[in-house]
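Chemist: structural data only, the sequence is not supplied:
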């Protein structure tokens, strides 16, 4: 079985808002790739993160733990984490872990960016 690696592309789309597009598989071994991208965005003043999961085909407990950690870190201030474009295998895992109760989920990146963008 060939393991698909995780890639993350970051776009700064609005004041304080960064989109992190994750593609591949997010697990305990690959979560550092997304964690490092999120850390760079946070240090760059982007405390509202939209994580685009459109191209993510797998997520295990390591990925879920990262989402929770990012949620805790951003909401300790005035930031947020929004998840967008969940595919069925990832959505099932997120719902089973009840993360849909604490993390805003959006069908598209555009909707997530609108929700994450500060007003005023």
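Modeler: Yep, it's here. Quantities reported herein were computed from a predicted structural model and do not represent experimental measurements.
Chemist: in the sheet, who's paired with the residue nearest the centre of the chain?
Modeler: With distances taken as CA atoms, centre = their mean, residue 51 lies nearest the centre of the chain, 2.9 Å away. Applying DSSP bridges to residue 51 yields these beta-bridge partners: residue 20, residue 83.
Chemist: mind listing the strands for this structure?
Modeler: 7-14, 17-26, 48-59, 80-84, 105-106 (DSSP state E).
Chemist: could these go into JSON lines alongside distance to residue 71 and mean pLDDT?
Modeler: Glycine gets a C-beta too; all of them are placed from N, C-alpha and C. JSON lines is the format used below for the strands of the chain (distance: least, CB to CB, whole Å; pLDDT from 0 to 100):
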{"stretch": "strand 7-14", "distance to residue 71": "17", "mean pLDDT": "97"}
{"stretch": "strand 17-26", "distance to residue 71": "14", "mean pLDDT": "98"}
{"stretch": "strand 48-59", "distance to residue 71": "9", "mean pLDDT": "98"}
{"stretch": "strand 80-84", "distance to residue 71": "5", "mean pLDDT": "98"}
{"stretch": "strand 105-106", "distance to residue 71": "12", "mean pLDDT": "98"}
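Chemist: before we move on, the earlier item: make sure the residue nearest to the centre of the chain is actually in contact with residue 86.
Modeler: No: at 9.8 Å, residue 51 does not count as touching residue 86 under the criterion of CB atoms under 8 Å.
Chemist: before we move on, the earlier item: to residue 97, which of the strands of the chain lies closest?
Modeler: Residue 97 lies closest, by CB to CB, to one member of the strands of the chain: strand 48-59, at 9.7 Å.
Chemist: any idea how far that closest one is from the chain center?
Modeler: 5 Å (CA atoms, centre = their mean, to the nearest Å).
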